[in-house]
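J.: quick one, what's the 3D model for this:
(chains A and B)
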Amino acid sequence: MHLRSSKWKQLAAVCAAAALPLTSLALEPAQAATTKVNVVGYSVVGPAYKVLETDFQATPAGAGVTFTNSFGASDTETNNVVAGQPADIVNLSYEPNLQTLVTAGRVAPSWASQELTLGGVNASLRLTKAQTTYRTPGIVTDSVVAFAVRPGNPLGIKNWGSLTKSGVQVVTPNPVTSGSARWNLLAGYAAQIAIGRSPKQGQNYLKALIANTVAQPTSGSAALAAFIAGTGNVLIDYEDDIDAAIAAGDQLQIVTPPQTLLIENPIALTYTGVTNPSAVAFYQYLFSAAGQTALASLGYRSVLKSVWASTESKFASFKKSTDLITVESLGGWPAVNPEFFSPTVVFPANSTTYPNSGIVTYLEKFAGSTA
Amino acid sequence: MPPDAWRHFRGVRAASALGRGSAKSLAVTYLSLLVLIPLAALVTNAFNKGLGSFWHAVTQQESLDALRLTLLCSFIASAVNAVAGLATAWVLVRDRFPGQAILNAIIDLPFALPTVVAGVIFYTLYGPLSPFHVNITGTWIGVTVAIMFVTLPFTVRSVQPVLESFTFSAESAAATLGASPARVFRTITLPALMPAILTGTGLAFARAIGEYGSVVFISNNLPYRSEVASSYIYSLAVSDQTNSAASVAVALLIIALALLIFFNVTAQRLARHRA
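T.: Here you go, the predicted model:
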């Protein structure tokens, strides 16, 4: 194609004109960096931030601070941040997402200790393993995996075993896109281990659970929406999300199974967040007694001793400390994540039905082939 | 003076040449930035681990199940819309009734409404708590209905202008010669509209296979069972399987391109045949 140089000049002029607003746009955050905070989080925590941000803006440290929020399926939000979406504070569903951000160079490898270095948290104020919940650094809220059922619990759902009975229709999000879904499926497995079953029996349990699943929406919020719209008769969800839905007037009832998984949602300041005083101040607020009390009233289990002591009675308790299982006791996320959720299924030498990598991936396929 | 005599004036000619030139460079730049470069990136991503890896990604059982569901629903939805869209366009052009202008304006609303909202509305109206006691969620019918809603304007808006510029002389002549209304429609009207119907249906189909917002919720998103292709691609893209995501997307694009070409060539051939 023949283009004369004058045309290129015209084109260059057009491009320059188009680029002008871009440069002014790029300059803007630099001027506003001290008062604007970009928050990125998993879908379920979104509504809580509306309350937390308003509360924070009413404090001296938060006066004049504005927020830009982005909430969605945890893996999606993580990938958006990797791709360059502005983020000062990331509050994601589970730890592997933070590891992804560390690898991508958006978050410091030492993010978990930020609560001590930047968050103003005194380690002795944190809950420790001797208490009902467990202390893991970098975790801003705890919750447990629970069930939402229809009013009056017509099917008599009481534990994980109830979910695999015939006629029970389970709603839980898609584990490929949703962090919430991973907590849910692991909880079902962990509960089997907690009542003395073997890992193979745990896998058989998951097989039956997935066979009873009628919807796997893309995120925890979408799963709740589908359940409220009438799909299924049990929703597996965060305890706090069910509490929030009930508080909002949705016709649900919560059932906390006697054995379940402790959910720990990590938070971090990104490299840009560390240099943004408003973001650091908000981060401090989230770990403060005021912030943790606000979170507790929104249905989250506090990670601060004092706040937990005064709010504990609101939450379902567990008979034995081993009834509330941690991912750590299952081997920790770096081991558990590929074991259950790797897209590639790998079997050990002596088995073709019990994979040691990609367990859920395999069971989803199995459910698809027998449906 | 011939109709294009204005072209012979030197000033006009120069201006028009300049206009053509800058229009061309603008179009090339614009298309490159918006379409060609992203497409090239997509294709590169799909094939940069080799043809074998592309084929492996596309022929995974979950991929085949998702592609089958999407293609089936898109095909049915665009076929239904070809008929329903023609009927709608017909009513809008040939009939006069109160509220016609409003109906005409409403046709384009599926384009304006965020498709996620459409999905939620359909879930509420035709879901487990349906006021009509119709539950199509989690089925291929639900996916098809959502796609029908999203793609309805395509056929209506392609057929409508052709029908409006249609002269009644041939139809009247046929009727005068004793042809029944059905025969007039079949032998005179329909063949004239066919190119427009095909173009509209092709666009609707291409739009349908990529649809995400309205179908991801209503399908219940069960892998291997009710997951649509766009949702499968999305799940691959967010779980660090970019190459597989690109591969399945390219497979979908190849199918769309093949169908668009087929529809366009057929439409052109029909138009030429009549001219």
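J.: could I get the average pLDDT for stretch B:160-168?
T.: Averaged over stretch B:160-168, pLDDT sits at 86.
J.: name the residues of that stretch that are buried.
T.: Residues of stretch B:160-168 classed as buried: B:160, B:162-163, B:166 (neighbour count, 16 or more other C-beta atoms under 10 Å in any protein chain shown). For glycine as for every other residue, the C-beta is placed from the backbone atoms N, C-alpha and C.
J.: which outside residues touch it?
T.: The contact list for stretch B:160-168 (C-beta atoms under 8 Å, 6 or more residues apart in numbering or on different chains) reads B:89-90, B:92-94, B:189, B:192-193, B:195-196.
J.: now the residues you listed as JSON lines including secondary structure?
T.: As requested, these are exported to JSON lines (DSSP: H, G, I helix; E, B strand; the rest coil):
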{"residue": "B:89", "secondary structure": "helix"}
{"residue": "B:90", "secondary structure": "helix"}
{"residue": "B:92", "secondary structure": "helix"}
{"residue": "B:93", "secondary structure": "helix"}
{"residue": "B:94", "secondary structure": "helix"}
{"residue": "B:189", "secondary structure": "helix"}
{"residue": "B:192", "secondary structure": "helix"}
{"residue": "B:193", "secondary structure": "helix"}
{"residue": "B:195", "secondary structure": "helix"}
{"residue": "B:196", "secondary structure": "helix"}
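J.: narrow the buried residues of stretch B:160-168 to those in helices?
T.: B:160, B:162-163 (DSSP state H).
J.: now, which of those sits nearest residue A:69?
T.: Proximity of these to residue A:69 (C-beta to C-beta) peaks at residue B:160, which lies at 42.3 Å.
J.: any idea how far that closest one is from residue A:82?
T.: Between residue B:160 and residue A:82 the computed distance is 46 Å (C-beta to C-beta, to the nearest Å).
J.: what about the closest residue to residue B:223 other than its chain neighbours, how many neighbours?
T.: Leaving aside its sequence neighbours, residue B:223 sits nearest to residue A:364 (C-beta to C-beta, 6 or more residues apart in numbering or on different chains; 4.9 Å). Other residues near residue A:364 come to 27 when the count uses other C-beta atoms under 10 Å in any protein chain shown.
J.: same check on residue B:240?
T.: Here the number of neighbours of residue B:240 (other C-beta under 10 Å) works out to 15.
J.: enumerate every residue touching it.
T.: If you count contacts by C-beta under 8 Å, 6+ apart, residue B:240 has none.
J.: look up phi and psi at the residue nearest to residue B:223.
T.: When quoted as degrees, to the nearest 10, the phi and psi of residue A:364 stand at phi -60, psi -40.
J.: okay, and residue 265 sits in which element?
T.: You didn't pick a chain, so chain A it is. Secondary structure assignment for residue A:265, by DSSP states H and E: strand A:260-269.
J.: actually chain B
T.: Taking DSSP H and E as the criterion, residue B:265 maps to helix B:242-274.
J.: how about the helices in chain B?
T.: If DSSP H is used as the criterion, the helices of chain B fall at B:10-31, B:37-47, B:51-58, B:61-94, B:100-106, B:109-112, B:115-125, B:140-164, B:169-176, B:181-184, B:190-209, B:213-218, B:229-238, B:242-274.
J.: buried stuff in the third one?
T.: Taking 16+ other C-beta under 10 Å as the neighbour-count basis, helix B:51-58 is seen to contain the buried residues B:54, B:57-58.
J.: near chain A, list only the ones from the residues you listed.
T.: Applying C-beta under 8 Å from any C-beta of the partner chain, the subset of those adjacent to chain A is empty.
J.: care to break the chain down by domain?
T.: I'll assume chain A. Structurally, chain A divides into domains by automatic domain parsing as follows: A:33-127+A:264-314, A:139-263+A:319-370.
J.: if you could check chain B rather than the one you did, that'd help
T.: B:1-47, B:51-274.
J.: and those, which one averages the lowest pLDDT?
T.: Averaging pLDDT over each of the domains of chain B puts domain B:1-47 lowest, since it has a mean of 79.
J.: residues touching residue A:368, list them.
T.: Residue A:368 makes contacts with B:61-62, B:65, B:222-225, as judged by C-beta under 8 Å, 6+ apart.
J.: quick check, central residue of the chain?
T.: As the question left the chain open, I've gone with chain A. When C-alpha atoms, centre = their mean is applied to chain A, the residue found nearest the centroid is residue A:93 (1.6 Å).
J.: the intended chain is chain B.
T.: Geometric middle of chain B (C-alpha atoms, centre = their mean) lands on residue B:204, at 1.8 Å.
J.: tally of neighbours for the residue in chain B positioned nearest to chain A?
T.: As assessed by C-beta to the nearest C-beta, chain A sits closest to residue B:224 within chain B, at 2.3 Å. For residue B:224, the count of nearby residues is 20 (other C-beta under 10 Å).
J.: could you say which helix or strand holds the closest residue to it other than its chain neighbours?
T.: With C-beta to C-beta, 6+ apart as the criterion, residue B:224 has its nearest non-adjacent residue at 2.3 Å, and that residue is residue A:368. In this assignment (DSSP H and E), residue A:368 forms part of helix A:359-370.
J.: show me which residues of that helix are buried.
T.: Using 16+ other C-beta under 10 Å as the test for burial, helix A:359-370 gives A:359-365, A:367-368.
J.: is residue A:322 in contact with residue A:194, as I believe?
T.: Yes. Assessed by C-beta atoms under 8 Å, residue A:322 is found in contact with residue A:194 at 6.1 Å.
J.: so between these two, which is more surrounded?
T.: A count of neighbours by other C-beta under 10 Å puts residue A:194 above the other of residue A:322 and residue A:194, at 22 against 12.
J.: ok, now how distant is residue A:229 from residue B:128?
T.: To residue B:128, residue A:229 is 7 Å away according to C-beta to C-beta.
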